[in-house]
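Student: got a predicted model here, sequence first, then my questions.
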Amino acid sequence: MKVIVFGSTGRVGRAVALTLLTRGHQVTAFARDASKLPEREDIAVIVGDATDADAVARAVVGHDAIVVALGDSRNPFALAVGMKRITPPNICEIGTANVIAAAQAASVQRLVCVTSYGVGDTRKLLPPMHKRIFRWLRLREQMDDKERQEMLVKASGLDWTLVQPVGLTDGAATGRWLASTKGERRKRTISRIDLAAFIVDNLTDARYTRQTVVMSGLTITQSADAA
């Protein structure tokens with residue numbers, strides 16, 4: 001399968017690209033800055049901006065599936081203390097709108113989009129403490145961006161899956177996670193490499209087509225008993 005990854009310089013996007021390679025897929029990384037990508041000759045690179053509709057349209061042609069892992073690359077603590085943004089505050093909405101239009105034009109049906117737990121279907125499930133933290137870190141703007149992103153994906157008519165991870169870590173692969181379409185979660189975190197494995201697994205699996213999936217890690221004693 002030939003897959004293009006948007007947001008490929010972020011830690012989730014890089015994990016997805018590298019996992020795709022290990023599974024034998026062809027990978028295209030769409031990025032503004034190619035120097036931030038893994039130095040791999042087997043990753044095709046297209047330099048461009050997700051807010052540029054024409055560039056996105058050209059990039060999508062010829063692919064079988066799309067992974068969207070767009071987001072603000074700045075640390076939320078840095079943004080909270082006034083550090084300047086390097087991406088637009090609506091990057092998820094605008095970038096995903098361009099990806100959807102490109103996919104429709106190029107007849108690419110499969111789309112997996114990474115958003116966040118606490119958005120859309122799971123907004124009402126976010127614990128009060130997390131809501132206070134989001135306000136303190138001024139993350140409401142980013143969450144609203146992802147909210148609009150999800151609405152676009154759901155209305156796209158594509159074979160989409162929305163993936164909502166809980167807190168992300170750089171921990172090792174465990175191969176153990178809970179993928180819930182009911183908003184359930186176990187651990188408060190999941191490693192990016194486990195998240196990437198789930199995403200790659202489901203690019204060719206119709207089980208979660210047009211569904212929102214909450215991804216959380218599992219302890220050794222916990223079981224993945226939710227659908």
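Tutor: Perfect, I can see it now.
Student: helices and strands of this structure: which one bottoms out on pLDDT?
Tutor: Ranked by mean pLDDT, DSSP states H and E, the helix or strand of the chain with the weakest confidence is helix 76-80, at a mean of 53.
Student: quick check, central residue of the protein?
Tutor: Val114 (2.3 Å; CA atoms, centre = their mean).
Student: contacting residues for the nearest residue to Asp159 once chain neighbours are set aside?
Tutor: Distances taken as CB to CB, 6 or more residues apart in numbering place Gln109 nearest to Asp159, at 4.5 Å, with adjacent residues excluded. C-beta here means a position set from N, CA and C on the backbone, and glycine is covered the same way. Contacts here follow CB atoms under 8 Å, 6 or more residues apart in numbering; on that basis Gln109 touches Ala103, Leu158, Asp159.
Student: tabulate those (a markdown table), appending neighbour count.
Tutor: Formatted as a markdown table, these follow (neighbours: other CB atoms under 10 Å):
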| residue | neighbour count |
| --- | --- |
| Ala103 | 27 |
| Leu158 | 20 |
| Asp159 | 15 |
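Student: can you list those in CSV and add secondary structure?
Tutor: Formatted as CSV, the contacts of Gln109 follow (DSSP: H, G, I helix; E, B strand; the rest coil):
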residue, secondary structure
Ala103, helix
Leu158, coil
Asp159, strand
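Student: and of the residues you listed, the nearest to Thr51?
Tutor: The closest of these to Thr51 turns out to be Ala103 (CB to CB; 16.4 Å).
Student: no further queries at this time; thank you.
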